[in-house]
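Enquirer: coordinates only, sequence not included:
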């Protein structure tokens, strides 16, 4: 792994070839994002973990083992912790485990339970589309 932009952009080593894969997390700037300079689209840790869960389930179906089964649960627990934190910060109901892991997140803020109440237009970056523009 190579860090391209700390906390936001990474280059990951590929196997069976000489290429790399890029992993880019959303970057926002402003009062709620101290230290961030600039902004760009990207994914969230929760979405990456959901992909890892799907991958682990696939591997588990190939060769079942307790380590992979435990990894599935632990990755889901990490998602739930992130969603619990978001719910606390935004004063929303904490999602259940299954809802946090398998529910459909808000397309703007990326969290569960939002139901479009995230106020994303207020948090939007200069030049980025807002709810009203959609």
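Expert: In hand now; what should we look at? Note that this is a predicted model, so its numbers are computed, not measured.
Enquirer: For the residue nearest in space to the middle of the chain, which non-adjacent residue is spatially closest?
Expert: The residue lying closest to the centre of the chain (CA atoms, centre = their mean) is residue 44, at 2.2 Å. Counting by CB to CB, 6 or more residues apart in numbering, residue 44 lies nearest to residue 110, which is 4.4 Å off, once chain neighbours are set aside. Any C-beta I mention is one placed from the backbone N, CA and C, and that applies to glycine too.
Enquirer: Also residue 2?
Expert: residue 11 (4.3 Å).
Enquirer: The one you found belongs to a strand?
Expert: Yes - according to DSSP: H, G, I helix; E, B strand; the rest coil, residue 11 belongs to a strand.
Enquirer: Tell me the secondary structure at residue 73.
Expert: helix.
Enquirer: okay, now it: neighbour count?
Expert: When neighbours are defined as other CB atoms under 10 Å, residue 73 has 13 of them.
Enquirer: Helices of the chain, residue ranges please.
Expert: Counting by DSSP state H, the segments of the chain that form helices are 45-62, 66-89, 97-102, 120-123.
Enquirer: Mean pLDDT and distance to residue 18 added to the ones you listed, as CSV?
Expert: Shown next, in CSV, are the helices of the chain (pLDDT from 0 to 100; distance: least, CB to CB, whole Å):
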stretch, mean pLDDT, distance to residue 18
helix 45-62, 95, 22
helix 66-89, 93, 28
helix 97-102, 87, 35
helix 120-123, 42, 40
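Enquirer: Of the ones you listed, which is nearest residue 33?
Expert: Smallest distance to residue 33 across these (CB to CB): 9.0 Å, for helix 120-123.
Enquirer: ok, back up a step: could you list which residues are in contact with the residue nearest to residue 44?
Expert: Residue 110 makes contact with 26, 44, 46, 47, according to CB atoms under 8 Å, 6 or more residues apart in numbering.
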